[in-house]
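>>> next come a sequence and a model predicted from it.
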Amino acid sequence: MSDGKDIPEEKSESELIEEVLEQVVDNEKSELPEAAEVDAELVSDNDDAEQEADSVSIEELQKQLKQAEKKAEENWDKAVRTQAEMQNLKRRMQKDLENAHKYGLERFAKELLVVIDSLELGIQASTSDNPEVVVLREGSALTIKQFESVFAKFNIEAVDPVGQPFNPELHQAMTMQPSADVEPNTVLNVFQKGYVLNGRLIRPAMVVVSQAVKSVEKPAENKADKPAAGDSINLDEQA
């Protein structure tokens, strides 16, 4: 029988679950901030992060730039020094090569000078008019001329400074000799010729050098022994 009141129907289990879920969702929505507020906060956080990142990046870049500039300067200095050293080395090698070409015959030339000296001494000593001696003297003179011709081809020149001023860079004084005929420090005689190879001395000339003649001073007269002008001479005292 019905008393006239509506009895609510019992809800199914699925309907109860849906109602509970809807209440939970509504509660969470009420607790969540508005979307605009969330976006603003996110934008602000991003700006702060970007500013901090920009600040860190600029400082780091400046530091790296300074390090790179310092390293570049060091490398530039090394490159300049290396280039200078290479140029100096190249010049030294060129100079050594030139000297090797110019003065490579120096030792050989010195050995030949001994032969020429012997020939010249033989000519000076052979003053005899003996026909055999004359032939030997002429042969020695011809040999010396041949040596001189070969020396000229290789820029070897003799130093024979008779009558020239003494030059300590080319001459070696063996003795000094007084002479009134020439100026002091003039070469009077040559014991042994000198030689130069391409302008460089390989042997000095052995020479005799003049010096000034010392004047002989006359003894001073004793004025006390001479009568002065106008004085009378006492013959009795002299007697």
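Cool, the structure landed.
>>> secondary structure class for the nearest residue to Pro178 once chain neighbours are set aside?
Take Pro178 and drop its neighbours on the chain: the residue closest to it by CB to CB, 6 or more residues apart in numbering is Val213, 4.7 Å away. C-beta coordinates here come from the backbone N, C-alpha and C atoms, glycine included. Reduced to three states with DSSP: H, G, I helix; E, B strand; the rest coil, the structure at Val213 is coil.
>>> from now on call the first residue 627
Taking 627 as the first residue, the last one we looked at is Val839.
>>> so how many other residues sit close to Val839?
Residue neighbour count, defined by other CB atoms under 10 Å, stands at 11 for Val839.
>>> for it, give its distance to Val808.
11 Å (CB to CB, to the nearest Å).
>>> what does Ser754 give?
Distance from Ser754 to Val808, by CB to CB: 32 Å.
>>> before we move on, what about Ile782?
With CB to CB as the criterion, Ile782 and Val808 are 29 Å apart.
>>> ranges for the helices of this structure?
Counting by DSSP state H, one finds helices in the chain at the ranges 639-657, 661-729, 732-751, 757-779, 861-864.
>>> so which of these comes closest to Phe817?
helix 732-751 (10.2 Å; CB to CB).
>>> angle of the closest one against helix 757-779?
150 degrees (axes from the mean of the first three to the mean of the last three CA atoms, to 10 degrees).
>>> and helix 732-751, which residues are buried?
Glu732, Ala735, Leu739, Ile742, Leu745, Ile749 (16 or more other CB atoms under 10 Å).
>>> which of these lies closest to Glu645?
Glu732 (122.2 Å).
>>> returning to that earlier point: of the helices of the chain, which approaches Val788 most closely?
Between the helices of the chain, helix 732-751 lies closest to Val788; by CB to CB that is 13.9 Å.
>>> what is the closest one packed up against?
Of the remaining helices and strands, those touching helix 732-751 by 3 or more CB pairs under 8 Å, 6 or more residues apart in numbering; DSSP states H and E are helix 757-779, strand 820-823, strand 826-829.
>>> ok, residues contacting that helix?
762-763, 766-767, 769-770, 773, 777, 780, 782, 818-819, 821, 823, 826, 828-829 (CB atoms under 8 Å, 6 or more residues apart in numbering).
>>> same thing but 6 Å
When contacts are defined by CB atoms under 6 Å, 6 or more residues apart in numbering, helix 732-751 is touched by residues Arg763, Ser766, Thr769, Ile770, Phe773, Ile782, Leu823, Ile828.
>>> select only the buried ones of the residues you listed in ChimeraX?
The following ChimeraX line selects those of the contacts of helix 732-751 that are buried, judged by 16+ other CB under 10 Å:
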select :763,766,770,773,782,823,828
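>>> for the contacts of helix 732-751, which one is nearest Pro791?
The nearest one, if we look at those relative to Pro791 and count by CB to CB, is Ile828, at 21.5 Å.
>>> my read is that the closest one contacts Gly820, right?
No: using CB atoms under 6 Å, Ile828 is not in contact with Gly820; the gap is 8.2 Å.
>>> number of residues surrounding Lys697?
10.
>>> same deal with Gln798?
Neighbours around Gln798, by other CB under 10 Å: 15.
>>> quick one, what contacts the residue lying closest to it once chain neighbours are set aside?
Of all residues not flanking Gln798 in the chain, Pro830 sits nearest, at 4.2 Å (CB to CB, 6+ apart). Taking CB under 6 Å, 6+ apart, we find Pro830 in contact with His797, Gln798, Gly820.
>>> confidence score at Pro830?
In this prediction, Pro830 carries a pLDDT score of 97.
>>> for Ser805, see how far away it is.
For Pro830 relative to Ser805 (CB to CB), the value is 21 Å.
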